[in-house]
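3D, please:
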Amino acid sequence: MEIATPLKADIIAVELAHEVASIYPQLVEDTSNPSLGAFDWTTTYGCQRLGSGEVLFDHLVFVCQQPGRSLQSYRHDYWFDDADPVPGNGVPVYIVDTGATLDHKEFDRVRGDVEWFHVGTDVSGGNAEDDSSTDPTQQFITAKAHGTSMLSLVTGRILGVSKGVKPYLIRMPRRHIPTGTTGDRSGHPTNEDWLEGISKVNDHLAEKSDEAKAILLLAFYIPRSSFMRDGKDCSAGFDARMRFLLKDVIEKGALPIMGAGNGYEFTIDGFPANYGRDDYNPIPEVLVVRSVHTTTFDLVYQSDFDQGLPHIFAPGYAKCAEGNRGMWTMFENEREGIYRSAQGTSCG
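Next up is the predicted model:
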């Protein structure tokens, strides 16, 4: 990927279209008004247009591109592959996060296909099938439902980039219930919780595979500084265990995708992104992502880069599904879910 200036990135998503299970066709004609005749029909068989009646967001400009055409020229014309079966149909995507609020309208199509794995036990007992970052009583509405956001961007009805995948939610436990004083703090999974989440994926992928057959989304970043105790780095045990687990899931056919971090720094020193660094005995198969603005295409300062990272850029400003049901009640006629703005490496 060529970067025109230190703060500009030319995103060429179509170059990846043949390498990943995506639902977006490639345009083959130079036109400002896409039509069915403008598509390469060797890769797509039927499309539906998202017209003015649908919710359209700028991050969708990164799909359905024509070679040599400026990304700024795309607005509101987004086409989705409607082939039967949808490309990528049934490909497992494991999302190690906070779960999701599945009664959001964005998940009408996939709600019955989601499978759950639970890490630990919630602070109040049991294992709920919800977003563990939120208040289950819906009294406090400031918490970010990060897992809901991720699921919507992966396979949401409008926002999802791969409509036909098979979602597996590895839900972090609700170790803390947001209150009026804790604001948008999450459910506080521990470092060990994240390791257990990857381990659950490892256990589910029982057999070795010579080819990639699943996606492992790790949209979290644990800085090394969180392991410092009295000036001593105590990350060695965690580091070794995560490295082992990632190498094992890769041998079983999973492609780990992870964020470069949101530390507002020009360095990366955290997990799991470190495993993509040139100077960190890198694991070649991991894919580390950094973010760009979806309207100006500047690199997002909030997103870190260092030592040969990132491997790829993705939208860093977007709309995503709001998983905090308490927010829905604040808007009339929005009882089936609303959307929120997000920014950062994982648009969380």
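
so Cys320 sits in a helix?
No. Per DSSP: H, G, I helix; E, B strand; the rest coil, Cys320 lies outside any helix segment and is strand.

from memory it sits against Gly147, does it?
No. Using CB atoms under 8 Å, Cys320 makes no contact with Gly147, being 10.7 Å away. Bear in mind the C-beta positions are built from the backbone N, C-alpha and C, glycine included.

any low-confidence regions in the stretch 201-348 of the chain?
263-266, 294-306, 332-334, 346-348 (pLDDT under 70).

Break down it into its helices, ranges please.
Assigned by DSSP state H, counting those that start in this stretch, the helices in the stretch 201-348 of the chain fall at 236-251, 325-328.

Kindly reformat these as JSON lines containing mean neighbour count and distance to Ala314.
Putting the helices of the stretch 201-348 of the chain into JSON lines (neighbours: other CB atoms under 10 Å; distance: least, CB to CB, whole Å) gives the following:
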{"stretch": "helix 236-251", "mean neighbour count": "17", "distance to Ala314": "20"}
{"stretch": "helix 325-328", "mean neighbour count": "19", "distance to Ala314": "25"}
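
Just put the ones you listed in CSV and tack on distance to Pro272.
Below are these laid out as CSV (distance: least, CB to CB, whole Å):
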stretch, distance to Pro272
helix 236-251, 6
helix 325-328, 30
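
Looking at Cys320 and Gly147, which one has more neighbours?
Taking neighbours as other CB atoms under 10 Å, Cys320 and Gly147 compare with Gly147 leading, 30 against 26.

Validate this expectation: the more buried one resides in a helix.
Yes. Under three-state DSSP, Gly147 sits within a helix.

Distance check, it against Arg174.
Distance of Gly147 to Arg174, given as CB to CB, to the nearest Å: 11 Å.

Please apply the same query to His311.
Using CB to CB, His311 is found at 33 Å from Arg174.

more neighbours, those two?
Taking neighbours as other CB under 10 Å, His311 and Arg174 compare with Arg174 leading, 28 against 15.

What strand or helix carries the more buried one?
Under the criterion DSSP states H and E, no helix or strand holds Arg174.

got a list of what it touches?
By CB atoms under 8 Å, 6 or more residues apart in numbering, the contact list for Arg174 reads 122-124, 128, 132-133, 136, 187.

can you tell me which two in those residues are farthest apart?
The largest separation in the contacts of Arg174, counting by CB to CB, is between Ser124 and Ser133 at 14.5 Å.

where in the stretch 51-200 of the chain is pLDDT low?
Under the criterion pLDDT under 70, the flagged ranges of the stretch 51-200 of the chain are 51-58, 60-87, 139-142, 177-187.

now the helices for it?
Using DSSP H, counting those that start in this stretch, helices in the stretch 51-200 of the chain cover 146-155, 191-204.

which of these sits most buried?
Ranked by mean neighbour count, the helices of the stretch 51-200 of the chain are led by helix 146-155 with a mean of 28 (mean count of other CB atoms under 10 Å).

List the residues that contact Arg277.
Contacts of Arg277 by CB under 8 Å, 6+ apart are 268, 306-309.

repeat for Lys208
So Lys208 contacts 251-253 (CB under 8 Å, 6+ apart).

can I get those in a markdown table with distance to Gly337?
Output for the contacts of Lys208, formatted as a markdown table (distance: CB to CB, whole Å):
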| residue | distance to Gly337 |
| --- | --- |
| Glu251 | 38 |
| Lys252 | 34 |
| Gly253 | 33 |
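
Is it correct that Phe271 is in contact with Arg243?
No. With contact defined as CB under 8 Å, Phe271 and Arg243 do not form a contacting pair (9.1 Å).

Quick one, grab the pLDDT at Ile3.
pLDDT for Ile3: 30.

Also the one 10 residues further on?
Ala13 carries a pLDDT score of 36 in this model.

Check Val20 too.
pLDDT, Val20: 35.

what's the neighbour count on Glu285?
16.

let me redo that: Asn127
Residues near Asn127, counting by other CB under 10 Å, number 17.

show me the residues around it that make contact.
116, 118, 121, 171, 173.

could you redo the last one with a cut-off of 6 Å?
Residues near Asn127 by CB atoms under 6 Å, 6 or more residues apart in numbering: His118.

Could you measure from it over to Phe117?
10 Å.

cool, and Tyr317?
Distance from Tyr317 to Phe117, by CB to CB: 30 Å.

hmm, back to that, farthest-separated two in the contacts of Arg277?
Among the contacts of Arg277, the pair separated by the greatest distance (CB to CB) is Ile268 and Gly308, which sit 9.7 Å apart.

quick one, which of these two is more surrounded?
Neighbours per residue, other CB under 10 Å: of Ile268 and Gly308, the larger number sits with Ile268, 27 against 14.

Most neighbours of all the contacts of Arg174, which one?
Neighbour-wise, those (other CB under 10 Å) top out at Ser132, 31 neighbours.

wait, what's in contact with that residue?
98-99, 171-172, 174, 187.

Return the closest of those with respect to Thr345.
Relative to Thr345, and with distances defined as CB to CB, the nearest of the contacts of Ser132 is Thr98, at 16.2 Å.

Please name the spatially closest residue to the closest one (chain neighbours excluded).
Gly147 (3.7 Å; CB to CB, 6 or more residues apart in numbering).
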